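*Asks:* quick one: sequence and predicted model below, then my questions.
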Amino acid sequence: MKAPRLTWPRVGALLVVLLLVAAGLVAWLNVAGEDPLTGDANSFVATPEQVARGAYLARAGNCAACHTDRGGAAFAGGKGIATPFGTVFASNLTPDAKTGIGTWSAAQFWRALHNGRSADGRLLYPAFPYPNFTEITRADADALFAFLRSQVPVTQVNRPHALRFPYDLQPSLAVWRALFFSPGVYEPVVERSMQWNRGAYLVRSLGHCAACHSPRNAFGATRDSLELSGGLIPLQNWYAPSLASSAEAGVADWSTADVAALLKTGLTPRGAALGPMAEVVFRSTQYLNDADIGAMAEFLKSLPQTPPHARAAIAVDKAVQAHGEALYKDHCAACHGANGEGGSGPNGVVYVPLAGNRKVLLDTSANLIHIVVNGGFPPTTAGDPRPYGMPPFGPALKDEEIAVLASYVRSAWGNAAPPVSALDVLNAR
Amino acid sequence: MPGFAQTWKLLRRAIAFFVATTMSAAMAGAPATVPDTMAQRMQPCSACHGKEGRATQQGFFPRIAGKPAGYLYNQLDNFRSGRRAYPTMTYFVEQMSDDYLHEIADYFASLDLPYAPPQTVGAPADEIARGEALVRQGDAAHGIPACVQCHGAAMTGVLPAIPGLLGLPRGYLVEQFGAWRTGQRKALAPDCMAKVATSLTPVDITAVATWLSSQPVAVGPAAADTLARPLPIACGSVPQ
């Protein structure tokens, strides 16, 4: 038999067929395995227990962090989430019939969380962390739905996203989803305790910790193989340190009480929650009950820890060291102590020690620079209702001085992290 | 069983060890206990607002010491809620409870500190005159109430939520008017100052800021307890 001759029309036809097959595959991957949409808005009747449970879960999932705008009505959306691909605006989750989720069924709400598809069938952008929420149980999804439906309806039209081409197109998103997303269910690990599994569910799914604490690839997808191994938060220049490294924010060798203190109060003898984590503690984790906090601690303590990598010995420039020490004495020692030992009030540590402080010693100096430049307060919580704060030194010190100061803090009192350059400071400011 | 002498020897050693370790810790510069005070907690504020929030003669940042507590709380809440925009302020207060914001406002309101000499000196006489006229009489033709009608006859504010305007940097005053005109700064609706600011001309604004920032402030410029007359214009931040 003779092979068909390759002619342009034939090659073209073949390409068209291949494209159609690929498009078909992408389309199928985007809707495969969806549950049938049964019932409507009226067929869902919430119990008071569901509403109360949903309120708690909404805290655990920190829905308000995105869906409540600064100064805006609760859950009415409108807040812009800046991403490397443009700005995604959070939607109105109040039960308003026209602009919110008033006409949604429970099944549609479940599909949004579990499959990342809106009630009208649109694919949702993963700034809404459905790659994590997909593992939320149906019972928890229904409780969240019950809670949101109990809110006061607010008429506020959703703002269209401001994404660049081609990210603004649904087919682009479909391709992304075909590559990086598949719906999942939390499968309990039978060898582990119920408490561990509860913690894993809260951290991995509802709490979506990986949204910040995992690295992302060039397409903005978090990488499961590097779970919770730290990530630079896009456009904020805060680094969410690895929860799987003893050199970063791993808690394998922490007491459960210290992990609980961080999540409940925002302040521990080893460090305070500042920046994006302060928001998480303020809006979310401080409200979790002791059982759930303990479960999260058990799971986090069990994460396999990457050993700290060896660092080359740092060459300390004597003149820089002396300048840094002078700046430290003038600006820092009054609170953090002459030897970086921190400061305590009547109820314990209020100014964290800098000697041996992992935040100070991270490979990326972004967080340290942020804190020196902008200062800040840990969140107010029931456990720390009147926090002490750190002044911003950005107005008073030049980039070079901040670099020298940061380098000194990273190399004094037994600390041994590479120096910070004025360019690092400029980049992080 | 050990005898008394032996026990005493051990005890003596223990005491000596305890004294030696505490002494050496003290000599190594063990940190003093951090004071459990609002003054200590509010250290970060002095970076911009000056020691104890009294501001300075130079510079842009407003004095906060001695302002009415209701005014200060409203501003903290405005920053938290996005009605005012200044990144450092927003960053400081966005994870703070109402209770703490009230405590912060009360703390700065309670400070009664001397003022620096006025910032503006040697301004042109006609500009000063125009500014003073607006402050004391307003401009009825353009629907502008006199500043003193709300901010008090002495311009030192009225409790609980109207600020005094003396002792503020000229640049700060001008920028606030500008921010109201462009919608950058808002207050609870109805936003009376937005209305005033949009009615004033740029020349009026500089004149008012010049006059206000050229006035010396006596010691203890307490805010008035009550308004002499009802507000000439409705203000959301001063419910009546």
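*Replies:* Done, it's in.
*Asks:* so residue A:166, which state does it fall into?
*Replies:* Per DSSP: H, G, I helix; E, B strand; the rest coil, the local secondary structure of residue A:166 is coil.
*Asks:* and the residue nearest to it when sequence neighbours are not counted, how many neighbours?
*Replies:* Nearest residue to residue A:166, sequence neighbours excluded (C-beta to C-beta, 6 or more residues apart in numbering or on different chains): residue A:172, at 4.7 Å. To be clear about C-beta, it is placed using only N, CA and C from the backbone, and glycine gets the same treatment. If you count neighbours by other C-beta atoms under 10 Å in any protein chain shown, residue A:172 ends up with 15.
*Asks:* what does the one 5 residues further on give?
*Replies:* Taking other C-beta under 10 Å as the criterion, the count of residues near residue A:177 is 24.
*Asks:* just to revisit the earlier point, surely the residue nearest to residue A:166 forms part of a helix?
*Replies:* Yes - under three-state DSSP, residue A:172 sits within a helix.
*Asks:* confirm for me that residue A:411 is in contact with residue A:419.
*Replies:* Yes - judged on C-beta atoms under 8 Å, residue A:411 makes contact with residue A:419 at a distance of 7.1 Å.
*Asks:* now for these two: what residues contact both?
*Replies:* residue A:314 (C-beta atoms under 8 Å, 6 or more residues apart in numbering or on different chains).
*Asks:* show me where pLDDT drops low in the stretch 201-350 of chain A?
*Replies:* Residue ranges of the stretch 201-350 of chain A with pLDDT under 70: A:225.
*Asks:* residue of it nearest chain B, please.
*Replies:* With C-beta to the nearest C-beta, the shortest gap between the stretch 201-350 of chain A and chain B falls at residue A:282, namely 3.9 Å.
*Asks:* element containing that residue?
*Replies:* Per DSSP states H and E, residue A:282 falls inside helix A:276-283.
*Asks:* centre of the chain to that helix, how far?
*Replies:* 10 Å (C-alpha atoms, centre = their mean, to the nearest Å).
*Asks:* next up, phi/psi of residue A:345, please.
*Replies:* phi -100, psi -170 (degrees, to the nearest 10).
*Asks:* can I assume it is in contact with residue B:34?
*Replies:* Yes - contact criterion C-beta under 8 Å: residue A:345 and residue B:34 qualify, at 4.4 Å.
*Asks:* tell me the secondary structure for the residue in chain A positioned nearest to chain B?
*Replies:* Residue nearest to chain B within chain A: residue A:71 (3.3 Å; C-beta to the nearest C-beta). Going by three-state DSSP, the secondary structure assigned to residue A:71 is coil.
*Asks:* what pLDDT does the model give it?
*Replies:* As predicted, residue A:71 sits at a pLDDT of 93.
*Asks:* show me what contacts the closest residue to chain A within chain B?
*Replies:* In chain B, the residue that lies nearest chain A is residue B:81 (3.3 Å; C-beta to the nearest C-beta). Each residue near residue B:81 by C-beta under 8 Å, 6+ apart is listed here: A:70-71.
*Asks:* apply 6 Å and report the result again.
*Replies:* Residue B:81 makes contact with residue A:71, according to C-beta atoms under 6 Å, 6 or more residues apart in numbering or on different chains.
*Asks:* which bits of chain B sit near chain A?
*Replies:* Taking C-beta under 6 Å from any C-beta of the partner chain, the part of chain B that reaches chain A is made up of B:29, B:31, B:34, B:36, B:41, B:43-44, B:47, B:81-82, B:88, B:92, B:95-97, B:100.
*Asks:* mind giving me the packing neighbours of the strand or helix carrying residue A:81?
*Replies:* Using DSSP H and E, residue A:81 sits within strand A:80-83. Counting contacts by 3 or more C-beta pairs under 6 Å, 6 or more residues apart in numbering or on different chains; DSSP states H and E, strand A:80-83 packs against strand A:86-89.
*Asks:* elements contacting the strand it packs on?
*Replies:* The contact analysis (3+ C-beta pairs under 6 Å, 6+ apart) places strand A:86-89 against strand A:80-83, strand A:162-163.
*Asks:* residue A:30: which of these is closest?
*Replies:* Closest approach to residue A:30 among the helices and strands packed on strand A:86-89 (C-beta to C-beta): strand A:162-163, 18.1 Å.
*Asks:* neighbour count for residue A:345 and residue B:34, which is higher?
*Replies:* residue B:34 (19 against 16).
*Asks:* any idea how far that one lies from residue B:212?
*Replies:* The gap separating residue B:34 from residue B:212 is 38 Å, by C-beta to C-beta, to the nearest Å.
*Asks:* follow-up on the earlier one: quick one: contacts of the helix holding residue A:282?
*Replies:* By C-beta under 6 Å, 6+ apart, helix A:276-283 touches A:62, A:64-65, A:238, A:266, A:273, A:378-379, B:95.
*Asks:* do the same with stretch B:103-111
*Replies:* Contacts of stretch B:103-111 (C-beta under 6 Å, 6+ apart): B:38, B:52-53, B:64-66, B:69, B:72-73.
*Asks:* now, those that are in strands?
*Replies:* Applying DSSP state E to the contacts of stretch B:103-111, no entry is found in strands.
*Asks:* of the residues you listed, closest to residue A:138?
*Replies:* Nearest to residue A:138 among the contacts of stretch B:103-111, with distances taken as C-beta to C-beta, is residue B:73, at 44.3 Å.
*Asks:* per-residue pLDDT of that closest one, please?
*Replies:* For residue B:73, the model assigns a pLDDT of 98.
*Asks:* get me the contact residues on chain A for chain B.
*Replies:* Going by C-beta under 6 Å from any C-beta, the residues of chain A near chain B are A:70-71, A:278-279, A:282, A:337-338, A:343, A:345-346, A:350, A:375, A:377, A:379-380, A:386, A:388-392.
*Asks:* filter those residues to the buried ones?
*Replies:* Buried residues within the residues of chain A next to chain B, counting neighbours by 16 or more other C-beta atoms under 10 Å in any protein chain shown: A:278-279, A:282, A:337, A:343, A:345, A:350, A:375, A:377, A:379-380, A:386, A:388-392.
*Asks:* among those, which are located in strands?
*Replies:* A:343, A:345, A:350.
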